[in-house]
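Chemist: could you look at this predicted model? Sequence included:
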Amino acid sequence: MSTKPEALRLAAACEESARAWLHEIDTRQRAAAELRRLHTEVEWLKPMTAVTIGIGKGDGNLFVHGDYDSIKAAQSLVFRAEGMEKALKDIRSLSSINSAMNPNPFALTVMLGDIHHIADTALAKEKDND
């Protein structure tokens with residue numbers, strides 16, 4: 001019994017495996033080239049797709065220039081700050097209502113000072129983080 005047919009069969013299998021690997025390598029190289037091309041195109045288009053949009057209360061004082069994601073992030077920060085400002089006004093409003101009901105002016109003064117200090121500190125931290 002000769003081992004030649006078995007050797008030829010193994011050689012053919014190795015060649016077939018090598019062709020499959022070469023095809024896989026070629027496919028991956030084409031995919032990498034296409035990704036590089038698309039990345040270059042996206043970078044080229046970025047300046048053309050950037051926009052300037054006014055955000056905030058609509059008073060025309062705050063504008064953001066950039067892509068969609070950066071504008072949405074800036075807008076989110078502005079809305080959060082506006083919400084905190086509103087909460088501070090609400091706290092101050094409630095504090096003045098409570099002042100009419102509290103008979104001890106010293107306790108009331110301390111309470112109002114604490115409320116204002118907490119709210120002002122929170123707003124200052126928000127502005128510092130921006």
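Modeler: Alright, I've got the coordinates. Numbering: from 1, shown residues only.
Chemist: what is the neighbour count of residue 13?
Modeler: 10 (other Cβ atoms under 10 Å). From N, CA and C alone the C-beta is placed, and that goes for glycine too.
Chemist: that one: which element?
Modeler: helix 4-49 (DSSP states H and E).
Chemist: any weak-confidence spans in the chain?
Modeler: Judged against pLDDT under 70, the low-scoring parts of the chain cover residues 1-3, 56-57, 94-108, 126, 129-130.
Chemist: sec struct for residue 52, please.
Modeler: Secondary structure, DSSP: H, G, I helix; E, B strand; the rest coil: residue 52 is strand.
Chemist: and the residue nearest to it when sequence neighbours are not counted, how far is that from residue 36?
Modeler: Leaving aside its sequence neighbours, residue 52 sits nearest to residue 65 (Cβ to Cβ, 6 or more residues apart in numbering; 4.3 Å). Computed as Cβ to Cβ, to the nearest Å, the residue 65 to residue 36 distance reads 28 Å.
Chemist: ok, residues contacting stretch 53-69?
Modeler: For stretch 53-69, the surrounding residues in contact (Cβ atoms under 8 Å, 6 or more residues apart in numbering) are 46, 49-52, 70-71, 74-75, 78, 82.
Chemist: any idea which of those residues is closest to residue 4?
Modeler: Distance ranking of those against residue 4, using Cβ to Cβ, places residue 46 first at 62.9 Å.
Chemist: can you get me a residue count around the closest one?
Modeler: Other residues close to residue 46 by other Cβ under 10 Å number 11.
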